[in-house]
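Undergrad: quick one: sequence and predicted model below, then my questions.
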Amino acid sequence: MIDIREMTKSYIMGEQRVDALRGVSLSIKKNEYVAIMGPSGSGKSTLMNMIGCLDTPTSGNYFLNGSDVSSLSDDELATVRNKEIGFVFQTFNLLPRSSCLANVELPLIYAGMPATERRERAIKMLESVNLGDRVHHRPNELSGGQRQRVAVARALINRPSIILADEPTGNLDSKTGVEIMKLFETLYQDGNTIILVTHEEDIAGHARRIVRLKDGLLESDEQVHHPAMDVLV
């Protein structure tokens, strides 16, 4: 599904050149649950931007479902993003004046889906994350955990190839964070491919594979063996 080959990314900051990625190669198969870890400045956010088609590499290749997306234009990348990738962010990134339903429908509007079908699918998706009774609430009427569930529903609405989660529990208390990680476990068990970017070891421990970056290089890539969580959402 994901095949990254000798990827580099350099930025010019003032008069300095910053090498954020220095020849990273990585493959991720369908229905893997992978955590990407590393300290600040390790390149993990840059790698996430590459995987999410938010940026293109300086050199190297990125094949997503067999297509080389590393040299696409911004418009072409936007099309790939909307079709293939569901994003879940630390800050939720919800539209504050719109209802949960409108927030979840948004990717389907970009995809050109008719209103009736769009509404039906969004309601079902909200029900699937236990928010069927919050369809017409606005984000400020929800708890942090509920907002993140709305974000997960929006990420899933286009049935993407990959769910890309950037510090998804970063703004949540520990109890709510556990609930969100149970939801990700359920999504993984349902056959979704999940890539989790985090600096927290306990959050990464929910994944089945941990990739660690350091100074723009792949430091380690290890499988995590643990039983499926006992209590699923």
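TA: Good, I have the coordinates.
Undergrad: spatially central residue in this protein, please.
TA: In the chain, the centroid-proximal residue (C-alpha atoms, centre = their mean) is L164; its distance is 1.3 Å.
Undergrad: quick check, that residue in a strand?
TA: Yes - per DSSP: H, G, I helix; E, B strand; the rest coil, L164 lies within a strand segment.
Undergrad: I'd assumed M50 was in contact with it.
TA: No - L164 is beyond contact range of M50, at 10.7 Å (criterion: C-beta atoms under 8 Å). All C-beta atoms are positioned from the backbone trio N, CA, C, and that covers glycine.
Undergrad: would you map the helices across this structure?
TA: Assigned by DSSP state H, the chain shows helices spanning 44-51, 74-84, 100-110, 115-128, 144-156, 174-189, 201-204.
Undergrad: the third one - contacts with which helices or strands?
TA: Right, helix 100-110. helix 115-128, helix 144-156 (3 or more C-beta pairs under 8 Å, 6 or more residues apart in numbering; DSSP states H and E).
Undergrad: as CSV, the helices of the chain with mean neighbour count, mean pLDDT and distance to S25 would be great.
TA: Shown next, in CSV, are the helices of the chain (neighbours: other C-beta atoms under 10 Å; pLDDT from 0 to 100; distance: least, C-beta to C-beta, whole Å):
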stretch, mean neighbour count, mean pLDDT, distance to S25
helix 44-51, 23, 94, 11
helix 74-84, 15, 90, 21
helix 100-110, 20, 93, 30
helix 115-128, 16, 95, 35
helix 144-156, 23, 94, 27
helix 174-189, 18, 92, 24
helix 201-204, 16, 92, 21
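Undergrad: just put the ones you listed in TSV and tack on distance to L217.
TA: TSV is the format used below for these (distance: least, C-beta to C-beta, whole Å):
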stretch	distance to L217
helix 44-51	11
helix 74-84	25
helix 100-110	34
helix 115-128	38
helix 144-156	29
helix 174-189	27
helix 201-204	18
